[in-house]
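**Q** This is the structure alone, sequence omitted:
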């Protein structure tokens with residue numbers, strides 16, 4: 001009899017566990033439950049230089065022979081290389097960079113871009129050896145209507161300490177994110193989206209003496225954060 005009582009009790013407990021709230025003999029019922037959970041936000045950024053066939057520089061009126069991309073420019077990779085250009089003229093670099101952001105943040109994201117430094121001159125080194133990026137390099141969302149004279153926004157050099165291009169890839173933002181002046185894209189939805197950018201090069205005659213052939217270079221830093 002004791003054994004039978006124990007068995008009956010176990011069956012009752014199992015029935016209670018399976019049915020949840022209420023007893024095994026209660027009438028079936030339906031209800032609702034609210035579950036709250038948190039998912040860590042994900043923001044993934046990919047930047048692809050020379051992202052479409054036909055990439056490269058086109059010259060403005062009076063800029064001489066049609067320019068061609070330099071040897072460092074390769075489809076879907078490489079460097080945005082304007083090749084040989086002339087001070088005093090403006091150039092448009094088509095399909096310079098494609099920016100892709102993937103995020104699960106329902107509020108979307110913000111993308112920033114700025115130079116790691118101003119333009120650095122070499123081979124031979126001009127005097128002065130640097131030139132403000134904000135006076136020469138500009139960005140604009142890619143469009144067939146773009147020209148070397150389209151309205152565009154200047155890149156600025158970062159004020160944050162960094163080792164980008166100097167044997168490292170580190171940049172530290174004191175406030176956690178780049179300044180508002182570096183914002184190039186704001187999106188308010190989750191998912192995976194892509195936007196292409198053209199670059200403009202506007203070269204004042206003061207960038208280097210007309211008798212000197214100088215190479216200028218700079219790294220552009222892209223940063224994406226959740227909204």
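**A** Good, I have the coordinates. Because the structure is predicted, anything quoted here is derived from the model rather than measured.
**Q** partner strands of the longest strand seen in the chain, parallel or antiparallel?
**A** Longest strand in the chain, counting residues (DSSP state E): strand 90-103. Within its sheet, and counting by DSSP bridges, strand 90-103 is paired with strand 43-49 (antiparallel), strand 56-59 (antiparallel), strand 191-202 (antiparallel).
**Q** how about the longest one: buried residues?
**A** I take that to be strand 191-202. 196-202 (16 or more other CB atoms under 10 Å). C-betas here are computed from N, CA, C, even on glycine.
**Q** what do you get for the second one?
**A** Within strand 56-59, the residues scored as buried using 16+ other CB under 10 Å are 56-59.
**Q** Of these, just say which sits nearest to residue 145.
**A** The closest of the buried residues of strand 56-59 to residue 145 turns out to be residue 58 (CB to CB; 12.9 Å).
**Q** Give me the mean pLDDT for stretch 184-196.
**A** In this model, stretch 184-196 has a mean pLDDT of 96.
**Q** who's in contact with it?
**A** 51-52, 95, 97-113, 139, 141-142, 153, 197, 227 (CB atoms under 8 Å, 6 or more residues apart in numbering).
**Q** Just the endpoints, please. Distance across it?
**A** End-to-end distance of stretch 184-196: 11 Å, with CA to CA, to the nearest Å as the criterion.
**Q** what does stretch 164-177 give?
**A** 16 Å.
**Q** what do you get for stretch 206-221?
**A** Start-to-end, stretch 206-221 (CA to CA) is 26 Å.
**Q** again, but for stretch 83-94
**A** The straight-line separation of the ends of stretch 83-94 (CA to CA) is 13 Å.
**Q** Return the residues in contact with residue 115.
**A** For residue 115, the contact set (CB under 8 Å, 6+ apart) comprises 133, 137, 155-158, 218-221.
**Q** Helices along this structure, start to end?
**A** With DSSP state H as the criterion, the chain has helices at 2-19.
**Q** can you redo the buried residues of strand 191-202 as a markdown table with distance to residue 175?
**A** What follows is those, written out as a markdown table (distance: CB to CB, whole Å):
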| residue | distance to residue 175 |
| --- | --- |
| 196 | 29 |
| 197 | 24 |
| 198 | 29 |
| 199 | 27 |
| 200 | 28 |
| 201 | 30 |
| 202 | 30 |
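**Q** where exactly do the strands run in this structure?
**A** Counting by DSSP E, the chain has strands at residues 43-49, 56-59, 73-74, 77-78, 90-103, 109-115, 119-122, 130-131, 137-141, 153-154, 183-187, 191-202, 215-217, 220-226.
**Q** Turn those into a markdown table, columns for distance to residue 34.
**A** Converted to a markdown table, these look like this (distance: least, CB to CB, whole Å):
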| stretch | distance to residue 34 |
| --- | --- |
| strand 43-49 | 28 |
| strand 56-59 | 56 |
| strand 73-74 | 53 |
| strand 77-78 | 49 |
| strand 90-103 | 26 |
| strand 109-115 | 28 |
| strand 119-122 | 57 |
| strand 130-131 | 59 |
| strand 137-141 | 42 |
| strand 153-154 | 46 |
| strand 183-187 | 30 |
| strand 191-202 | 26 |
| strand 215-217 | 56 |
| strand 220-226 | 25 |
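**Q** Which one of those lies nearest to residue 168?
**A** For residue 168, the closest of the strands of the chain is strand 220-226, at 12.4 Å, according to CB to CB.
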